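Colleague: A structural model of the following input is requested.
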Amino acid sequence: MRVVVVGGGIGGLALGAGLRRQGFEVAVFDRDADVAATGGYHITLDEQAQAALRELVAPDIVRRLLVSASALRLRDRDALWDRRGRLLGRGPDLTGDVSIDADRITLRLLLAEAVGDDLHLGRTVSGVGHDDDGTPHVLFADAAPVPADLVVGADGVHSLVARHLAGGPTNRPAGIIGFSGRTLRRDLNPGEQRRLGLRSGTAMGPRGAALYVGFLDAVGNAALDAPRLRMSVTTGPTYIWGAMFPESAATDSLRDLDGGQLQDALLRGFRDRGWAGHTLEVIARADPCSVAAFRFNAASTRAAELAPWPAGRITALGDAVHATPPTAGKGAGAAIRDAAALLQVLGDVAASGSTLVEAVNRFEAGTRLRGSEVLILAMRMVRLILATDTTFGAAATAVTTPILAAAARLRH
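Modeller: Model prediction:
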């Protein structure tokens with residue numbers, strides 16, 4: 001069986017690696033010329049995502065990922081702050097949590113290595129379709145079509161493949177513009193180092209402003225101790241943060257900026273919303289080259305509305321089906337789980353004698369459920385942030401946060 005995968009993000013590479021490992025003929029096409037040319041937050045992989053990954057790649061790849069990842073169990077409990085930096089509450093004890101955080105670049109490099117020569121970089125797919133005999137094919141503007149027994153779209157939020165299958169977009173803007181950056185812990189003053197601590201946390205304020213500060217230390221908090229195998233992009237204690245504002249003409253225009261200009265505009269946006277200066281130091285001290293803006297897109301949270309097409313020999317996975325905002329840290333893990341599920345049903349075709357279309361139908365049914373599950377989690381935070389941008393929500397946030405902060409002081 002020949003499988004062509006469109007898109008070399010986390011889900012596409014994971015699928016390509018699994019297919020290659022199981023002896024399928026596979027080709028993964030990605031428009032990027034360099035697998036390290038990617039941004040985004042760090043990636044959280046929970047127990048389910050890690051189990052799926054172990055089905056897709058060899059044990060040495062998993063081992064090198066763990067060596068290069070930060071273990072949540074070694075982190076302090078997460079925190080919730082207000083716009084003044086006052087503690088409002090803490091998350092659960094992470095002692096028994098097996099989840100890991102890893103740089104997106106690190107994970108993508110490892111998966112690309114597992115795909116090997118079956119990864120074709122710098123190849124932009126222009127379309128998908130079927131030959132006269134029903135054989136699926138992938139089209140390129142500058143090369144001959146490539147036929148396949150199965151085509152899989154792993155081409156993200158703006159998926160060409162999913163759009164072809166659905167007859168239109170499979171997601172829409174979630175109402176939030178996100179901004180991300182990286183700040184070395186040592187670059188913050190001692191007071192902010194103490195306040196932020198060796199933990200991740202979220203700060204929220206009125207008018208839809210929020211700031212997630214993720215702590216990543218793939219050396220001091222390595223999930224597995226084998227320094228000679230380490231290949232993490234993050235080599236010291238680092239805050240990888242994500243700022244959020246409601247989408248508007250003003251915030252949308254920030255997407256045209258980058259580097260220091262975007263950093264300055266972002267700081268002004270928070271100051272205009274009454275945030276304390278010290279809470280913004282993690283943004284002000286960031287590497288300007290790391291600061292970027294992006295729009296949150298989301299698919300429907302209803303399982304029945306995901307993958308709204310009849311099963312066939314062209315399908316899709318990951319964000320192409322269930323585009324998920326980063327607010328729950330589940331999107332990449334869901335794509336890896338999709339890849340493992342598809343690999344399993346394709347293996348069942350040979351073992352059980354079922355048809356390829358029947359296998360794809362089973363896969364898509366599971367994908368709808370997985371997608372709905374992670375979207376419900378992610379959209380809770382999106383809706384909470386947007387609720388603070390209403391007149392009532394802004395007032396309620398301003399009134400309740402001092403009360404919560406006082407209660408937190410009494411508890412601690």
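Colleague: Tell me who's in contact with Lys330.
Modeller: Listed by C-beta atoms under 8 Å, 6 or more residues apart in numbering, the contact partners of Lys330 are 44, 46, 324, 374, 377-378. Where you see a C-beta, it was placed from the backbone N, CA and C, and this is true even at glycine.
Colleague: Average pLDDT for stretch 190-200, rounded please.
Modeller: Average pLDDT, stretch 190-200: 97.
Colleague: Over to stretch 224-241?
Modeller: The pLDDT scores in stretch 224-241 average 95.
Colleague: Endpoint to endpoint, it covers what distance?
Modeller: Across stretch 224-241, the terminal residues are separated by 24 Å (C-alpha to C-alpha, to the nearest Å).
Colleague: what does stretch 154-173 give?
Modeller: End-to-end distance of stretch 154-173 (C-alpha to C-alpha): 19 Å.
Colleague: Can you pull out the residues in contact with it?
Modeller: 5-9, 11-12, 15, 125-129, 151-153, 247, 295-299, 306-309, 314-321, 323, 335, 339.
Colleague: could you flag which of those are buried?
Modeller: Neighbour counting by 16 or more other C-beta atoms under 10 Å classes 5-9, 11-12, 15, 125, 128, 151-153, 247, 295-299, 306-307, 314-321, 323, 335, 339 among those as buried.
Colleague: Just the residues you listed: which are in helices?
Modeller: 11-12, 15, 319-321, 335, 339 (DSSP state H).
Colleague: which one among the residues you listed gets closest to Gly85?
Modeller: Gly85 lies nearest to Asp319 out of these, by C-beta to C-beta, at 33.4 Å.
Colleague: The strand ranked longest in the chain: what's the following helix or strand?
Modeller: As assigned by DSSP state E, the longest strand anywhere in the chain is strand 172-184. Remark: after strand 172-184, the chain's next helix or strand is helix 190-196, criterion DSSP states H and E.
Colleague: Give the buried residues for that next one.
Modeller: 192-193, 195-196.
Colleague: for the chain, which spans come out with low pLDDT?
Modeller: Along the chain, segments meeting pLDDT under 70 span 40, 412.
Colleague: hang on, the earlier thing: turn the contacts of Lys330 into CSV, columns for distance to Arg75.
Modeller: Shown next, in CSV, are the contacts of Lys330 (distance: C-beta to C-beta, whole Å):
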residue, distance to Arg75
Thr44, 11
Asp46, 14
Thr324, 23
Val374, 22
Leu377, 20
Ala378, 21
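Colleague: between the residues you listed, which has the most around it?
Modeller: Among these, Thr324 has the most neighbours (other C-beta atoms under 10 Å), with 30 neighbours.
Colleague: Grab the nearest non-local neighbour of it.
Modeller: If the residues on either side of it in the chain are set aside, Thr324 comes closest to Gly331, at 3.9 Å by C-beta to C-beta, 6 or more residues apart in numbering.
Colleague: Just give me the neighbour total for the one you found.
Modeller: Neighbours of Gly331 under the rule other C-beta under 10 Å: 27.
Colleague: what does stretch 240-255 rub up against?
Modeller: For stretch 240-255, using C-beta under 8 Å, 6+ apart, the contacting residues are 41-42, 173, 175-183, 207-214, 216, 234, 262, 265-266, 269-270, 282-283, 286, 293-296, 326, 385-386, 389.
Colleague: please redo it, this time with the cut-off set to 6 Å
Modeller: 41-42, 175-182, 208-214, 216, 265-266, 282, 293, 385, 389 (C-beta atoms under 6 Å, 6 or more residues apart in numbering).
Colleague: Go through it and flag the buried ones.
Modeller: Neighbour count says stretch 240-255 has 240-247, 251, 254-255 buried, by 16+ other C-beta under 10 Å.
Colleague: Is it correct that Asp225 falls within a helix?
Modeller: No - using DSSP: H, G, I helix; E, B strand; the rest coil, the assignment for Asp225 is coil, not a helix.
Colleague: circling back: among the buried residues of stretch 240-255, which one sits closest to Ala350?
Modeller: Lowest distance from Ala350 to the buried residues of stretch 240-255 (C-beta to C-beta) belongs to Ile240, with 42.3 Å.
Colleague: in what helix or strand does that closest one lie?
Modeller: In the assignment (DSSP H and E), Ile240 maps to strand 238-246.
Colleague: Can you list the strands that that strand pairs with?
Modeller: Note on strand 238-246: by DSSP bridges, its sheet partners are strand 172-184 (antiparallel), strand 210-216 (antiparallel).
Colleague: now those strands as a markdown table including distance to Leu121 and mean neighbour count?
Modeller: Below are those laid out as a markdown table (distance: least, C-beta to C-beta, whole Å; neighbours: other C-beta atoms under 10 Å):
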| stretch | distance to Leu121 | mean neighbour count |
| --- | --- | --- |
| strand 172-184 | 24 | 20 |
| strand 210-216 | 27 | 23 |
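Colleague: Any idea which of those strands gets closest to Gly366?
Modeller: Closest of the strands paired with strand 238-246 to Gly366 is strand 172-184, at 23.6 Å (criterion: C-beta to C-beta).
Colleague: Could I get the full set of helices for this protein?
Modeller: With helices called from DSSP H, the chain shows them at 10-21, 47-56, 59-67, 104-115, 160-166, 190-196, 249-253, 259-272, 281-284, 319-322, 331-352, 356-387, 391-411.
Colleague: okay, those helices, which one's buried deepest?
Modeller: helix 319-322 (a mean of 32; mean count of other C-beta atoms under 10 Å).
Colleague: contacts for that one?
Modeller: Residues lying outside helix 319-322 but in contact with it, judged by C-beta under 6 Å, 6+ apart, are 153, 155-157, 159, 162, 299, 306-307, 367, 371, 375.
Colleague: what separates that helix from the chain centre, distance-wise?
Modeller: Here the centre of helix 319-322 is set off from its chain's centre by 11 Å, with C-alpha atoms, centre = their mean, to the nearest Å.
Colleague: Kindly report the same for stretch 284-300.
Modeller: On C-alpha atoms, centre = their mean, the centre of stretch 284-300 falls 12 Å from that of its chain.
Colleague: end to end, how far does it reach?
Modeller: Taking C-alpha to C-alpha as the criterion, the two ends of stretch 284-300 lie 35 Å apart.
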